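Asks: Sequence first, predicted coordinates after that:
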Amino acid sequence: MEGSIASRPRLPRTTQMAVAKLDTTPHMRSPLREPVQPSSPFHQLVVTLAARKWLLIAVALLGGILAGLAGLTRPVLYEATTQVIIDAPSGGASGGTAAVQDSLESSIDDHLTMLSSQGHLRQVLAALRKAQAADAAGKSGIGAIPPATGSFMSNLLNLVWPQGKPAAVSPEAADAAELKALRSGMRVGQELRSRIITIGFTDANPVRAALVANTFAQVYIENLVQKNRASDQFELESLVASLPQVQRDLVDATDRLETYRLTHGTVDQTAASNAANETVELSRQISLSKADLSALESRLHRIDDLRKAGASISAIAEEVGSPVLADLAARQPGAVAGDDPGNTITREIEQGIARIVTEANVYRAQVAALEERERVLDAAVADTASQLSGLRALEPQVAIVTQHYNELLARQQDLVRRIAAPSPGIAILSAAWPPSNPKTLSPIFLIPPGMIVFGLMAAVFVLVRNSLNQTLRSEAEAEAELGIPCVGLLPKVSEVHAKQLRHLVLSQQNSPYSRAAASILVTAAPTQGRGQPPHIILVTSSVRDDGKTELAWSMALAATRLGGRVLFLNLDSKDERLTNEFRDEFSTVKARNCFGDYVSERCTLQDAVTSMPEIRIDLMAAPAPSDDLLTLLSTVDKSQFTDEMLSVYDVVVINGPVGLGGPETRLLKRWADAVLFAIRWAGTRRGIVRGALESLRAGGPTAAPIGSVLTQVNLKRHAGYQLGDSADLLLTRV
């Protein structure tokens, strides 16, 4: 039976002869390249944005288009403004200029608050409705707050997609909607620090905008006039009601004053003043007389003390002040008062004392007379003062009541004048006219801001996405992250097929793809000439979409350019689309046996391969689903089969299973002379790649070096990152 063990002849294996194991992959075993000096953050930012410049430009253009469309959908609005001026406060207020300025600022704040109040808005709305009702239908055509006319784009949308008639709403809802429209279109503010307040209203109709702005100011001024007139009227009524009582108080005070005058008589102010002056003069005279009397009494006491003490006549004469006594004392020096035999000196002393006593009595009589006169004057002055105090108590009362009465009369006249011509304290400085220039910007002016905003948003998105990117995009980055050399880049080919891949590698030898594949092959297995030892290259990856099969076929096709026979050993039964295309397109006779039959010794090597002479590659199919690849690899002697394959073929490319699929890849790496680990450029996350490599290394030490290959590389995008690796050489024309 063909293909069975019994019918298979035991041919001598030509691979039993020893083959020198030379290190044919010096580049894959060389130290990793030196890390590139990192560029500045600004340079990295510029490079990142430049790599996505077309995306940024597209998003910016989209933003400009959307902004222009949004500007077209907005209605054209006009703003009419009315200016009112507040009366300046009077400068006579206490506190000076600061108080006047504070009063003005407080008044302006009050006016701004009242102008923006909900009550005033309702009054304005009522006035607009009243004006609308007063106008004849069809004369002006300007309603209170009619719906605003939309823009050309919004009208076009309404024609294309009509919204239907609006549903009926309640009067309360209609009032709320009109109040909302009035508030949204109104603008009230102070002009810098002046006394001028600007009232503006924005509407699609310029005439209606001017009407609403003027009505807004007029209604406010009329309300102030009415409030001031009502306040003055109320004050006038209160004042008129209080006048009779004040008049009666004035009559009573006047009657009391006149009655007092008739009862107590008229007080002579001159006599009262003279009495007061006379009293003062008497007091002065009494003081002088008492002083003289006291001096005389002191002399008498001293004379008496001298006589009792037996003083000399000269001392007594000096105290008495008698010249006769002084002459006698001079005639008899040293004599005392008792030594006078003729009593001349004694009589003279007695006479001097008598004169002093007489003089003292005169002063006593004078003091008594003056005091009596003073008592009489004091009584007269007290009576006059009593009369004057009564008058002075009544006269101010009459004056106060009279002044109050006059003030009330003046206030009454002022209120009558103010009621006749009320002043609101604010006046219209400039009335609103229908504006000719719209307030809204042209849609053209919205395009640049829209482009800038969307461009910035796109730039932020690109930067955030780039910072969160966990993929590998350069050879240096792959070596630094994985710790294994990166042997090259394989450009991206859209919709890879067998004929297309064969044409790229073999027919277009100067294309970036062909040069990249040949460079990777020469790095992994430089079999230049017949004398070089054969190689087994294992191609694997971490996940299925990493371009592993594409890389394996590229290596096989590139190996045919180096001369010798090439065997493509497919051990990935789950990714056979491209392999089946090669077999269907280029094979002459399809082999009915596979790798499982060969390693199980159910067929020979020639019976297990499918020849494709057009591309000079033999294909050995993957094991049948009934054969377990892990069992086959773990139970056979790998050297027996590798020696036989290397005796026939110069290059054997093994398309192995993915690294995360199971432990088969760990066993296959013992078969290979070099392992190429395919990584999808900017597609496979670093964590997955590291996990697959750790799983591959977990099978124990091996002599086969491992190198990574970045597949499906977009060369133009890669060049935009300015990484400075072999992709720049691939873009260079040869």
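Replies: Perfect, I can see it now. Numbering: from 1, shown residues only.

Asks: buried stuff in stretch 286-301?
Replies: Along stretch 286-301, the positions that meet the burial threshold by neighbour count (16 or more other CB atoms under 10 Å) are 286, 289-290, 293, 296, 299. Placement of C-beta: from N, CA and C, glycine included.

Asks: try stretch 680-696
Replies: Of the residues in stretch 680-696, 680-684, 686, 688-689, 692-693, 695-696 count as buried by neighbour count, 16+ other CB under 10 Å.

Asks: Check stretch 370-379 too.
Replies: The neighbour-count criterion (16+ other CB under 10 Å) identifies 370, 374, 377 as the buried residues of stretch 370-379.

Asks: again, but for stretch 178-187
Replies: If you call a residue buried by 16+ other CB under 10 Å, then stretch 178-187 has these buried ones: 178-179, 181-182, 185-186.

Asks: and if you look at stretch 724-734?
Replies: Of the residues in stretch 724-734, 725-727, 730 count as buried by neighbour count, 16+ other CB under 10 Å.

Asks: ok, back up a step: of the buried residues of stretch 178-187, which is the nearest to Trp54?
Replies: Ranking those by separation from Trp54, with CB to CB as the measure, puts Gly185 on top at 43.4 Å.

Asks: List phi and psi for that closest one.
Replies: For Gly185, the backbone dihedrals (degrees, to the nearest 10) come out as phi -90, psi -10.

Asks: Excluding chain neighbours, give the residue nearest to it in space.
Replies: Distances taken as CB to CB, 6 or more residues apart in numbering place Thr202 nearest to Gly185, at 4.6 Å, with adjacent residues excluded.

Asks: Can you tell me the strand partners of the strand or helix carrying the one you found and which way each runs?
Replies: Per DSSP states H and E: Thr202 is located in strand 196-203. Strands adjacent to strand 196-203 in the sheet, as given by DSSP bridges, are strand 78-86 (antiparallel), strand 186-190 (antiparallel).

Asks: Surely Phe677 is within a helix?
Replies: No. Assigned with DSSP: H, G, I helix; E, B strand; the rest coil, Phe677 falls outside any helix and is strand.

Asks: still on that earlier bit, you'd agree the residue nearest to Gly185 is up against Pro435?
Replies: No. Because the distance of 9.7 Å does not satisfy CB atoms under 8 Å, Thr202 is recorded as not touching Pro435.

Asks: anything in contact with each of those two?
Replies: Between them, Thr202 and Pro435 share these contacting residues under CB atoms under 8 Å, 6 or more residues apart in numbering: 78-79, 209.

Asks: among those, which ones are buried?
Replies: The neighbour-count test (16+ other CB under 10 Å) applied to the shared contacts of Thr202 and Pro435 identifies 78-79, 209 as buried.

Asks: Looking at these, spot the one nearest Tyr721.
Replies: Taking CB to CB as the measure, Tyr721 lies nearest Glu79 of these, at 51.3 Å.

Asks: residues contacting that closest one?
Replies: Shown here is Glu79, whose contacts under the criterion CB under 8 Å, 6+ apart are 187, 200-202, 209, 435, 439.

Asks: do the same with Gln118
Replies: Going by CB under 8 Å, 6+ apart, Gln118 touches Leu179.

Asks: Flag every buried residue along stretch 395-407.
Replies: Within stretch 395-407, the residues that qualify as buried are 397-398, 401, counting by 16+ other CB under 10 Å.

Asks: can I get these in TSV with distance to Gly425 and pLDDT?
Replies: Compiled in TSV, the buried residues of stretch 395-407 are given as follows (distance: CB to CB, whole Å; pLDDT from 0 to 100):
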residue	distance to Gly425	pLDDT
Gln397	38	80
Val398	38	81
Val401	34	82
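
Asks: Tell me where the model's unsure across the stretch 201-350 of the chain.
Replies: Across the stretch 201-350 of the chain, the ranges flagged by pLDDT under 70 are 264-269, 271-272, 331-343.

Asks: what about the helices in it?
Replies: Under the criterion DSSP state H, counting those that start in this stretch, the stretch 201-350 of the chain carries helices at the ranges 206-264, 269-308, 313-320, 323-331, 344-420.

Asks: Which other helices and strands does the fourth one contact?
Replies: Where contact means 3 or more CB pairs under 8 Å, 6 or more residues apart in numbering; DSSP states H and E, helix 323-331 is packed against helix 313-320, helix 344-420.

Asks: now the angle from it to helix 344-420?
Replies: Compare the direction of helix 323-331 with that of helix 344-420 by axes from the mean of the first three to the mean of the last three CA atoms, to 10 degrees and you get 140 degrees.

Asks: Could you list the buried residues of helix 323-331?
Replies: Using 16+ other CB under 10 Å as the test for burial, helix 323-331 gives 325-326, 328-329.

Asks: tell me which of the buried residues of stretch 395-407 is nearest to Gln532?
Replies: Val401 (137.4 Å).

Asks: Return the distance of the closest one relative to Asp249.
Replies: Val401 is 5 Å from Asp249, where distance means CB to CB, to the nearest Å.

Asks: what do you get for Arg375?
Replies: In this structure, Arg375 and Asp249 are separated by 43 Å, where distance is defined by CB to CB.

Asks: swap in Leu731?
Replies: Using CB to CB, which is the criterion applied here, Leu731 is 113 Å from Asp249.

Asks: Equivalent analysis for Ser194, please.
Replies: If you go by CB to CB, the gap between Ser194 and Asp249 works out to 48 Å.

Asks: Quick check: bridge partners of the closest residue in space to Glu191 that isn't next to it in sequence?
Replies: In this structure, Glu191 finds its nearest non-sequential neighbour in Thr198, 5.7 Å apart by CB to CB, 6+ apart. Judged by DSSP bridges, the bridge partners of Thr198 are Gln83, Gly189.

Asks: OK, contacts around Thr198?
Replies: Taking CB under 8 Å, 6+ apart as the contact definition, Thr198 lies against 81-83, 187-191.

Asks: Kindly present the buried residues of stretch 395-407 as a markdown table, with separate columns for distance to Ser312.
Replies: Supplementary listing: the buried residues of stretch 395-407 in a markdown table, determined by distance: CB to CB, whole Å:
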| residue | distance to Ser312 |
| --- | --- |
| Gln397 | 77 |
| Val398 | 78 |
| Val401 | 82 |
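
Asks: so which of those comes closest to Arg544?
Replies: So of the buried residues of stretch 395-407, ranked by how close each gets to Arg544 (CB to CB), first place is Val401, at 113.7 Å.

Asks: what's near enough to touch the closest one?
Replies: Shown in contact with Val401 (CB under 8 Å, 6+ apart): 246, 249-250, 253.

Asks: which one of these is nearest Leu506?
Replies: Minimum separation from Leu506 among the contacts of Val401 (CB to CB) is found for Val246, which lies at 125.9 Å.

Asks: Might one say that that closest one is in contact with Tyr405?
Replies: Yes. Between Val246 and Tyr405 a contact is recorded at 5.1 Å, counting by CB under 8 Å.

Asks: about what we covered before: determine which two of the buried residues of helix 323-331 are furthest apart.
Replies: Within the buried residues of helix 323-331, two members stand farthest from each other by CB to CB: Ala326 and Leu328, at 7.4 Å.

Asks: joint contacts of those two?
Replies: Taking CB under 8 Å, 6+ apart as the criterion, Ala326 and Leu328 both touch Ala317.

Asks: Now do stretch 658-671: everything it contacts.
Replies: The set of residues that contact stretch 658-671 without belonging to it, under CB under 8 Å, 6+ apart, is 536, 538, 540-544, 546, 548, 571-572, 574, 629-630, 633-634, 638, 642, 654, 656-657, 675, 677, 688, 691-693, 695-696, 698-700, 702, 704, 706.
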